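Participant: Got a predicted model here, sequence first, then my questions.
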2 protein chains.
Amino acid sequence: MVTPDAAPAAGTALRVGVVGLGLVGGSVARLLHDQGVEVTAHDATASTRAAARAAGLRVVGDVADVCAAEPDVLVLAVPLRAMRAVATEVARHVRGATVVTDVGSVKGAVRDAVRSAGLDARYVGAHPMAGTERSGFEASDPRMLDGARWAVTVDGTTRREAFVTVLRLVTGPLGGTVHVLTDDVHDESTALVSHVPHVLATELLGVVADAPVRDVARGLAAGSFRDATRVGRTDPRRTEAMVTDNAAWVASALRVVVRDLEQLLTALESNAPVGEFFDRPDPVRGPADAPGTGELLRVVLDDAGAWRAEVTAAGARGAVVVAVEDDAVVVA
Amino acid sequence: MVTPDAAPAAGTALRVGVVGLGLVGGSVARLLHDQGVEVTAHDATASTRAAARAAGLRVVGDVADVCAAEPDVLVLAVPLRAMRAVATEVARHVRGATVVTDVGSVKGAVRDAVRSAGLDARYVGAHPMAGTERSGFEASDPRMLDGARWAVTVDGTTRREAFVTVLRLVTGPLGGTVHVLTDDVHDESTALVSHVPHVLATELLGVVADAPVRDVARGLAAGSFRDATRVGRTDPRRTEAMVTDNAAWVASALRVVVRDLEQLLTALESNAPVGEFFDRPDPVRGPADAPGTGELLRVVLDDAGAWRAEVTAAGARGAVVVAVEDDAVVVA
């Protein structure tokens, strides 16, 4: 198999392939197109291909055609359930130095699918923290990615050239702020800040739906309920897929939630003190700090591969990428 | 004891007293003042009285002075923990036909305090569903109440004249849309749409605060987390008070939440189907309907008092007040 052996130099215009033109894939393709990047896109649905063409994108008829364009980066923007089949198709046709990435909301499971397809030497995971309640190409919008935080994930096999190429794409034309993480740190973190919030929003709506006072509750619902349940109004199948794709980390976080809520309700029933429950969020209650740790670190992308542990350890402390060189990455 | 025996006629300018000038009391007083209502206000804190005077309100030095102004309605806008003492003070000085109401987020406990003070013949409960993360007079804003849904609560002892007076105040100068409810229906409903959402937002922040991936989680947090946790960033003492004031209904709702989340996480861990969890909110997933039931009902405020059960039964079905007459209320 031919694998990439040199990242495009800084300043070189990247060429990008996008497979899957839903909310995220569509937004990525359109943002790159707006930024002057040469994009070759494909979607399995004919009407989506037509809509994407009408929006000015260069759309091709199948995955093989995307691969044949020899993009510097090929973005797999399909749902996890389709990932294995699409990755296998890509593996069959990919050539040259094309690097493969994705935009999925769970990273361990995508890596498994990519590895099964034999694409792991080309692969670097990516995930933009951006979305809306809507879905599909018609909901896609380049502005959805404005100032987004991205996770870029590496493991013990990630090639530095592929890593640098994906970082250049995300921090360059995609305009993202990047946290470099292991798959596990990503999947645990997104369980906490995205998947569990979706579950709780769904549960809040579900409790109201089943309540004898449902009509009054809906009538009295004000801003706090609207905000708390906004993501519970998403397409339930999409939310279900997101949660089940990350089932282990979500279940583990929900165990903590169940334990805490049980303690709280027992205290409420017995008139015991509950102040601690309300003080516990103090360390994170204020507005989020500026991105990163404030502590500059230059990680040389050494041949031995020690950079992988170094850059993900910094990522786990909250560091973000501030500069990308051919043989080093600066985080802070 | 002198009790009110006639509501001010429709169109008569109401005079209102407000005791307690925090976020809600301050907003109520300022909105009424802006609407040309004669407001006499008091707060226990001297600096708040000064701020309220600077904002143009007529502020008096103690509760007795508010009572002496013989307002048509006296609004108790103090925290529940202060309610019993303030209600007792009001009972000592109130005179004439003054009706007593409040703006507290829990209605059963306020009624208990008011009844202990011997004010129940004058009392009708009220609660605007509006707020912000901030608190105190400096955060008060008449616009906070723009288009707010209000609960007005009655029980078996509520006098019709007092009821009509409070309805005229809330639907008139306060511009509210009113659901007439029993205390229990109110307290169960607000547990679901306000207090439990505050608990879950607090828990989400608490889980992140304690997580090993805390810094990454905060870094990756996007709109869904910000919205889901907005009310968890409120003053923890205020949230704690709101939750403990309504402890029984909150605990009962949390039991349901714990049961549901336990079922979900067990299913996630065993790879069992979870689709039902995500479909359950379907009946309430869409945007809220226009207020009310669409079914007009004129409730005559009969001497026998059957109106109380009739109007709260309609309220429990989601009806809102559409017209207030001297001897009848129209809901729909």
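Facilitator: Perfect, thanks for sending it. Because the structure is predicted, anything quoted here is derived from the model rather than measured.
Participant: Now do the contacts for residue A:41.
Facilitator: When the contact criterion is CB atoms under 8 Å, 6 or more residues apart in numbering or on different chains, the partners of residue A:41 are A:17, A:18, A:19, A:21, A:25, A:29, A:52, A:57, A:58, A:59, A:60, A:66. C-beta here means a position set from N, CA and C on the backbone, and glycine is covered the same way.
Participant: Oops, could you answer that again for residue A:317 instead?
Facilitator: Contacts of residue A:317 (CB under 8 Å, 6+ apart): A:293, B:215.
Participant: quick one: low-confidence parts of chain A?
Facilitator: A:1-12 (pLDDT under 70).
Participant: okay, now the domains of it?
Facilitator: Domains of chain A are assigned by the TED database as A:15-181, A:187-279.
Participant: Adding neighbour count and secondary structure, write the contacts of residue A:41 out as TSV.
Facilitator: As requested, these are exported to TSV (neighbours: other CB atoms under 10 Å in any protein chain shown; DSSP: H, G, I helix; E, B strand; the rest coil):
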residue	neighbour count	secondary structure
A:17	28	strand
A:18	29	strand
A:19	28	strand
A:21	29	coil
A:25	25	helix
A:29	32	helix
A:52	26	helix
A:57	23	coil
A:58	14	strand
A:59	23	strand
A:60	19	coil
A:66	27	helix
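Participant: which among those gets closest to residue B:219?
Facilitator: Closest approach between these and residue B:219, by CB to CB: residue A:25, at 23.7 Å.
Participant: Just give the number of residues close to residue A:38.
Facilitator: 15 (other CB atoms under 10 Å in any protein chain shown).
Participant: which residues does it bridge with?
Facilitator: residue A:15 (DSSP bridges).
Participant: isn't it right next to residue A:29, touching?
Facilitator: No - look at residue A:38 against residue A:29 with CB atoms under 8 Å: they stay out of range, at 11.2 Å.
Participant: what residues are shared contacts of these two?
Facilitator: residue A:16.
Participant: Show me which helix runs longest in chain A.
Facilitator: Assignment by DSSP state H gives helix A:247-269 as the longest helix of chain A.
Participant: Next, the angle helix B:247-269 makes with that helix.
Facilitator: Going by axes from the mean of the first three to the mean of the last three CA atoms, to 10 degrees, helix A:247-269 is angled at 160 degrees with respect to helix B:247-269.
Participant: What residues of helix A:247-269 count as buried?
Facilitator: For helix A:247-269, a neighbour-count test (16 or more other CB atoms under 10 Å in any protein chain shown) marks A:247-251, A:253-254, A:256-258, A:260-262, A:264-265, A:267-268 as buried.
Participant: do the same with stretch A:309-318
Facilitator: A:310, A:311, A:312, A:314, A:315, A:316, A:318.
Participant: Identify the residue spatially nearest to the fourth one, adjacent ones excluded.
Facilitator: Think residue A:314. Closest residue to residue A:314 apart from its sequence neighbours, by CB to CB, 6 or more residues apart in numbering or on different chains: residue A:331 at 4.8 Å.
Participant: So that neighbour sits against residue A:180, correct?
Facilitator: Yes - shown here, residue A:331 and residue A:180 form a contact pair, counting by CB under 8 Å, at 7.1 Å.
Participant: okay, these two: which has more neighbours?
Facilitator: Between residue A:331 and residue A:180, residue A:180 has the larger neighbour count (other CB under 10 Å), namely 31 against 24.
Participant: OK, contacts around that one?
Facilitator: Counting by CB under 8 Å, 6+ apart, residue A:180 touches A:151-154, A:167, A:311-312, A:314-315, A:319, A:321, A:329, A:331.
Participant: Three-state assignment for residue A:299, please.
Facilitator: Per DSSP: H, G, I helix; E, B strand; the rest coil, the local secondary structure of residue A:299 is strand.
Participant: What residues are bridge-paired with it?
Facilitator: residue A:329.
Participant: so it makes contact with residue A:325?
Facilitator: No - using CB under 8 Å, residue A:299 is not in contact with residue A:325, being 10.1 Å away.
Participant: Just want to know which of those two has more residues nearby.
Facilitator: Remark: of residue A:299 and residue A:325, residue A:299 carries more neighbours, 21 against 13, as counted by other CB under 10 Å.
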